[in-house]
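[1] what would the 3D arrangement of this be:
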Amino acid sequence: MSFYDRVVLPRLLDFAMRGKEASRYRARVVPAARGRVLEMGIGSGLNLRFYGGDVTAVVGVDPSPEMLRLARPKAAAAPFPVELVNRAGETLPFDDAGFDSVVTTWTLCTIGEPLRALAEMRRVLKPDGELLFVEHGRSPDRGVEAWQDRLNPLWRRIGGGCNLNRRIDELVRAAGFRVARLETGYAKGPRPMAYIYEGRARRD
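    Predicted structure coming up:
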């Protein structure tokens, strides 16, 4: 792993994801989590302050040791236990049906095998649990979609593997989830990077 990916990129991502627009989406989705929560791609821990009183514990998974290092102060200050696990999302070291909620925010764009990771999320989610997500992905507008495909190879290189053109709702359904609520639309910012999928899903 290069110095850029290991040291520079985590700090850039932490800075970029602190903005008002990202916080607005977090505030709409994350407070719905309850019980024991698995957060996939916890990054620098920016979601932790948005969890509500129904949360008893959070287990945060991320493949980047540097991102987890940035998350530790926030985890220590949280009003509930937080465990940080350095692991890729495709192979989770947890028992079946052990979590009440799974939260993923701007994560599925980067995971190398998103279907495999979503299948793991489904496996560890309780039968009555919920997947809560905010993700950016493929736009339905042809002009924007074309730019996403053009930019994606370069964007992946500078964005730590981030993909602009994944159809998030299709991935969630293909992994065995039933989408209970879905809202889509553009966030503020350049349109190829700003088409948002926001929703909830349950095990099908």
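[2] from the contact counts, what lies against the longest strand anywhere in the chain?
    Longest strand in the chain by number of residues, with DSSP state E as the criterion: strand 125-136. Counting contacts by 3 or more C-beta pairs under 8 Å, 6 or more residues apart in numbering; DSSP states H and E, strand 125-136 is packed against helix 20-29, strand 99-105, helix 168-174, strand 195-203. All C-beta spots, glycine's among them, are computed from the backbone N, C-alpha and C.
[3] what's in contact with the last one?
    Applying C-beta atoms under 8 Å, 6 or more residues apart in numbering, the external contacts of strand 195-203 come out as 25, 28-29, 32, 122, 125, 127-140, 144, 168-169, 172, 176-187.
[4] same thing but at 7 Å, please
    25, 28-29, 122, 125, 127, 130-139, 144, 168-169, 172, 176-187 (C-beta atoms under 7 Å, 6 or more residues apart in numbering).
[5] which phi and psi does Gly35 have?
    phi 60, psi -140 (degrees, to the nearest 10).
[6] against Gly185, how distant is it?
    Relative to Gly185, Gly35 is positioned 30 Å away (C-beta to C-beta, to the nearest Å).
[7] so the most far-flung residue of the chain relative to its centre is in which element?
    Using C-alpha atoms, centre = their mean, the residue of the chain lying farthest from its centre is Gly143. It sits 26.0 Å away. Using DSSP states H and E, Gly143 sits within helix 142-158.
[8] pull out the buried positions in that helix.
    Neighbour counts over helix 142-158 (16 or more other C-beta atoms under 10 Å) mark 144-145, 147-148, 152, 155 as buried.
[9] do the same with stretch 97-104
    Using 16+ other C-beta under 10 Å as the test for burial, stretch 97-104 gives 99-104.
[10] got the CA coordinates for that stretch in CSV?
    The C-alpha atoms that make up stretch 97-104 are tabulated as CSV, following Å, rounded to 0.1, in the frame of the first residue of the first chain:
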residue,chain,number,x,y,z
ALA,A,97,-27.9,-13.1,13.6
GLY,A,98,-25.9,-11.2,16.3
PHE,A,99,-26.8,-7.6,15.4
ASP,A,100,-30.1,-5.6,15.6
SER,A,101,-29.0,-3.0,13.1
VAL,A,102,-26.3,-2.7,10.3
VAL,A,103,-25.3,0.8,9.3
THR,A,104,-23.4,1.6,6.1
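[11] right, I'll leave it there.
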